[in-house]
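Engineer: Structure, please.
(one chain, ligands or ions: 2)
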Amino acid sequence: MTDNDAYRAKELRAPGKVASVGVRYSPWPVQVDSPEVHYSDEYIFAKFHYEQVSTCEDRQNGRTLVRPERQQLEFRTDRCVPRLGLLQVGWGGNNGSTLTAAVVANRENICWESREGLCSPNYYGSVTQTASVHLGCDEQGADVFVPLHAIVPLVHPNDIILGGWDISSSNLADALDRAKVLDVDLRRQLRPFLERIKPWRAAFDKSFIAQNQQSRADNILSGSKQEQLDSLRDDIRRFKAEHKVEKVVVVWSANSERYAELTTEAACLPEKLLQAIRNNEAEISPSILYAVAAILEHCPYVNGSPQNTLLPSVVELARQQAVPVSGNDFKSGQTRLKSVFTDFLVGCGLKPRAIVTYNHLGNNDMYQLTDGTMWKPKSVSKSGVLEDIVSSNRALFAEGEEPDHVVVVKYVPFLGDSKRDISEYTSEAFMGGRYTNIIHNEALDSILCAPLILDTAILCELLTRVTFRRPGDETYRPLESVAVALSFFMKNPMTPYGLPPVNALWRQRLCLENMLRALVGLGPSHELWFLGASDDARKSS
Ligand SMILES: NC(=O)c1ccc[n+]([C@@H]2O[C@H](COP(=O)([O-])OP(=O)(O)OC[C@H]3O[C@@H](n4cnc5c(N)ncnc54)[C@H](O)[C@@H]3O)[C@@H](O)[C@H]2O)c1
Ligand SMILES: O=P([O-])([O-])O[C@@H]1[C@@H](O)[C@H](O)[C@@H](O)[C@H](O)[C@@H]1O
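Structural biologist: Ligands and ions are numbered 1, 2, ... in the order given. Model (predicted):
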């Protein structure tokens with residue numbers, strides 16, 4: 001420590017002086033030095049303490065009674081990072097081809113000329129690769145941040161083996177050119193790596209996606225629903241064997257389907273769902289076949305689209321097989337910003353009264369969504385993002401009161417993947433005042449979304465390595481409904497037992513961050529910085 005550092009540290013610990021001496025970033029893997037955390041060669045064992053806070057309204061005495069109860073869990077995380085396969089449904093789409101290109105470009109360190117000059121590959125937008133987490137303070141009182149991927153061992157994206165299905169037979173190089181997302185010079189350099197890659201034949205049912213996609217469907221499986229399911233399972237097993245892959249995650253990044261309208265039994269009971277597949281029932285959608293194939297092959301499944309693939313019977317089948325499933329509909333653009341900005345307004349005690357969000361773009365996903373039936377699930381997921389934020393503050397919103405919320409999306413072919421998002425927030429402010437925010441965003445839809453496919457695959461794989469037990473339990477068991485921790489990535493996040501979803505983005509991020517902290521025995525992030533310069537610290541100076 002230099003004299004200046006010592007002076008700064010001493011000065012800052014002088015009574016009454018509390019300020020941050022700055023922020024440090026430590027890139028190294030985290031090792032927690034605590035009697036509650038043990039690192040064996042194979043596992044991280046971590047005792048995690050937290051407060052479960054229950055509340056009840058004591059109307060008689062006009063108070064909210066709060067009962068904090070200290071809880072303890074013990075987590076066990078397998079430290080061995082497997083050779084991971086990522087199988088994308090819709091591999092030849094804008095997202096699928098863009099993600100594949102990014103992994104190859106990063107792995108081969110392919111740089112390219114764009115109109116702004118020489119560009120290098122990166123994983124910006126992937127929270128597992130380029131986000132950081134505040135862990136604590138160093139001896140000078142500086143806040144210390146670490147890469148999110150440094151907390152527990154995660155698969156590195158460069159090591160992921162990619163595969164997948166598509167109804168279009170285009171090879172990945174042609175698919176990348178069709179998508180027109182990445183720069184031409186990069187696509188040119190990637191062609192030798194991608195042109196030999198062709199998606200597997202896909203499970204398909206033309207009644208589940210728009211008529212305007214039929215011309216694309218030249219690479220589809222024949223046979224009954226059961227025969228298609230069996231073929232998808234064979235694909236997964238063959239992929240594992242050919243590439244010596246230890247684990248596989250399946251991500252749906254194909255077109256949004258219409259809602260499947262199964263019988264109540266098939267929608268709720270796994271055995272009835274499997275029977276409906278055997279019976280070739282019409283309402284078994286392709287996405288349900290992919291999900292069931294993944295689960296039966298013990299592969300986590302992520303639903304990146306808004307349709308109702310993850311029915312209760314599918315989720316129960318996954319629970320029975322101890323396979324994480326996550327969904328629904330990646331939250332990558334306008335809705336993600338909406339779940340931050342609305343939370344900001346309400347969190348500051350302002351009352352949004354009109355939220356009018358409009359976007360237009362011209363990619364194939366949007367082309368498909370011009371079909372009103374296919375638009376419905378997307379409209380629901382884009383519209384449902386405010387509920388938890390609004391209902392969290394009855395000082396602003398009476399029961400049943402909510403902002404005027406408009407969602408409009410238009411298809412403009414010329415613009416391709418370039419999504420333009422114009423949003424206007426009009427809020428009531430202090431003493432009759434108004435606060436109006438007009439936000440205009442532009443980005444290539446796949447540039448925003450592809451990193452989320454990576455993150456959900458990497459984090460789902462981590463979840464397969466985590467088990468826990470409560471005090472007194474003999475054995476460790478899988479974390480049920482832990483996929484809630486991946487809500488951050490979804491517009492319409494799955495919730496355990498039908499609880500209403502949390503969509504406020506920073507609550508969702510805290511959930512993810514605190515889950516990772518818990519795996520190494522660290523309590524939830526409290527952000528009480530002043531405690532960092534507490535009396536104890538002053539005494540030690
Ligand atoms: N920002 C984003 O891009 C974003 C955000 C949220 C959700 N999503 C969702 O991600 C999905 C993919 O988006 P995209 O822009 O890549 O779309 P896209 O149309 O470019 O790609 C979808 C691909 O799926 C293929 N496909 C359709 N049905 C299939 C089936 N049954 N089996 C296998 N392949 C099938 C199509 O041939 C196409 O190649 C869409 O459902 C979209 O709603 C995208
Ligand atoms: O993520 P976001 O920007 O709110 O919503 C987007 C929609 O506006 C767009 O129409 C659709 O093509 C994308 O898949 C994405 O879902």
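
Engineer: Any regions of the stretch 401-541 of the chain where pLDDT drops low?
Structural biologist: 532-541 (pLDDT under 70).

Engineer: Recalculate using a threshold of 50.
Structural biologist: For the stretch 401-541 of the chain, applying pLDDT under 50 flags the ranges 534, 537-538, 541.

Engineer: Which of the helices or strands spans the residue in it positioned nearest to ligand 2?
Structural biologist: Here the stretch 401-541 of the chain gets closest to ligand 2 at one residue, Val409, 4.2 Å apart by C-beta to the nearest ligand atom. For every residue, glycine as well, the C-beta is placed using N, CA and C. Using DSSP states H and E, Val409 falls within strand 404-411.

Engineer: on contacts alone, who are the packing partners of the helix or strand that comes right after that strand?
Structural biologist: For strand 404-411, the succeeding helix or strand toward the C-terminus, using DSSP H and E, is strand 418-428. When contacts are defined as 3 or more C-beta pairs under 8 Å, 6 or more residues apart in numbering; DSSP states H and E, strand 418-428 packs onto helix 334-347, strand 351-361, strand 434-444, helix 445-463.

Engineer: So for strand 418-428, what gets flagged as buried?
Structural biologist: Neighbour-count burial for strand 418-428, with 16 or more other C-beta atoms under 10 Å as criterion, is recorded at 418-423, 425-427.

Engineer: just stretch 484-495 next, same as before
Structural biologist: Buried residues in stretch 484-495 (16+ other C-beta under 10 Å): 484-494.

Engineer: so what pLDDT did Trp13 get?
Structural biologist: In this structure residue 13 is Arg, not Trp. The score at Arg13 is 51. That number is its pLDDT.

Engineer: what's the answer for the one 3 residues further on, then?
Structural biologist: Listed pLDDT for Gly16 reads 48.

Engineer: Of all the residues in the protein, which one is nearest ligand 1?
Structural biologist: Gly93 (2.0 Å).

Engineer: Just give the closest residue to that residue, not the sequence neighbours.
Structural biologist: Ser253 (6.1 Å; C-beta to C-beta, 6 or more residues apart in numbering).

Engineer: SS state for Val144?
Structural biologist: strand (DSSP: H, G, I helix; E, B strand; the rest coil).

Engineer: I figured it hits Leu135, correct?
Structural biologist: Yes: using C-beta atoms under 8 Å, Val144 is in contact with Leu135, at 5.6 Å.

Engineer: Between the two, tell me which one has more neighbours.
Structural biologist: Shown here are Val144 and Leu135; by other C-beta atoms under 10 Å, Leu135 has more neighbours (20 against 15).

Engineer: near ligand 2, which residues of the stretch 401-541 of the chain show up?
Structural biologist: 409, 445 (C-beta under 6 Å from any ligand atom).

Engineer: where does the protein dip in pLDDT?
Structural biologist: Using pLDDT under 50, the chain drops low at 16-20, 534, 537-538, 541.

Engineer: and the closest residue to ligand 2 within it, how many neighbours does it have?
Structural biologist: Residue nearest to ligand 2 within the chain (C-beta to the nearest ligand atom): Gly333, separated by 2.7 Å. By the measure other C-beta under 10 Å, the count of residues near Gly333 is 20.

Engineer: who's in contact with the nearest residue to it once chain neighbours are set aside?
Structural biologist: Distances taken as C-beta to C-beta, 6+ apart place Leu448 nearest to Gly333, at 5.1 Å, with adjacent residues excluded. By C-beta atoms under 8 Å, 6 or more residues apart in numbering, the contact set of Leu448 is 125, 332-333, 419.

Engineer: Now the phi/psi pair for the residue of the chain closest to ligand 2, please.
Structural biologist: The phi/psi pair for Gly333 (degrees, to the nearest 10) reads phi -140, psi -110.

Engineer: Would you check how far apart the residue nearest to Gly333 and Tyr39 are?
Structural biologist: Leu448 sits 36 Å away from Tyr39, going by C-beta to C-beta, to the nearest Å.

Engineer: Show me the helices in the stretch 151-300 of the chain, by range?
Structural biologist: 172-179, 184-194, 225-243, 264-268, 270-278, 286-296 (DSSP state H, counting those that start in this stretch).

Engineer: just those: most buried one?
Structural biologist: Highest mean neighbour count of the helices of the stretch 151-300 of the chain: helix 286-296, a mean of 26 (counted as mean count of other C-beta atoms under 10 Å).

Engineer: burial measure for Gly400, as a count.
Structural biologist: Neighbours of Gly400 under the rule other C-beta under 10 Å: 6.

Engineer: Likewise for Asp78?
Structural biologist: Residues contacting Asp78 under the criterion other C-beta under 10 Å number 16.

Engineer: and for stretch 474-489, what are the contacting residues?
Structural biologist: With C-beta under 8 Å, 6+ apart as the criterion, stretch 474-489 contacts 74, 76, 127, 302, 319, 322, 324-326, 330-331, 452, 455-456, 459-460, 463, 466-469, 493-497, 501-503, 505, 508-509, 511-512, 515.

Engineer: do the strand holding Val409 and ligand 1 meet at all?
Structural biologist: No: Strand 404-411 lies out of reach of ligand 1 by C-beta under 6 Å from any ligand atom, never closer than 10.7 Å.

Engineer: secondary structure element for the residue nearest to Leu182 when sequence neighbours are not counted?
Structural biologist: Leaving out its chain neighbours, the residue that sits closest to Leu182 by C-beta to C-beta, 6+ apart is Ala101, at 5.6 Å. Assigned by DSSP H and E, Ala101 belongs to helix 94-108.

Engineer: Enumerate the positions of that helix that are buried.
Structural biologist: For helix 94-108, a neighbour-count test (16+ other C-beta under 10 Å) marks 94-106 as buried.

Engineer: and what of stretch 468-485?
Structural biologist: Those would be 468, 479, 482-485, for stretch 468-485 by 16+ other C-beta under 10 Å.

Engineer: Please identify which of those residues is nearest to Ile295.
Structural biologist: Ile295 lies nearest to Ala483 out of the buried residues of stretch 468-485, by C-beta to C-beta, at 12.5 Å.

Engineer: How much space separates the closest one from Pro324?
Structural biologist: 5 Å.

Engineer: and if you look at Cys137?
Structural biologist: As judged by C-beta to C-beta, Cys137 and Pro324 stand 34 Å apart.

Engineer: Who has more neighbours out of the two?
Structural biologist: More crowded of Cys137 and Pro324, by other C-beta under 10 Å: Pro324, with 28 against 19.

Engineer: quick one: contacts for the more buried one?
Structural biologist: By C-beta under 8 Å, 6+ apart, Pro324 lies in contact with 300, 318, 460, 463-464, 482-483.

Engineer: Many thanks, we can stop here.
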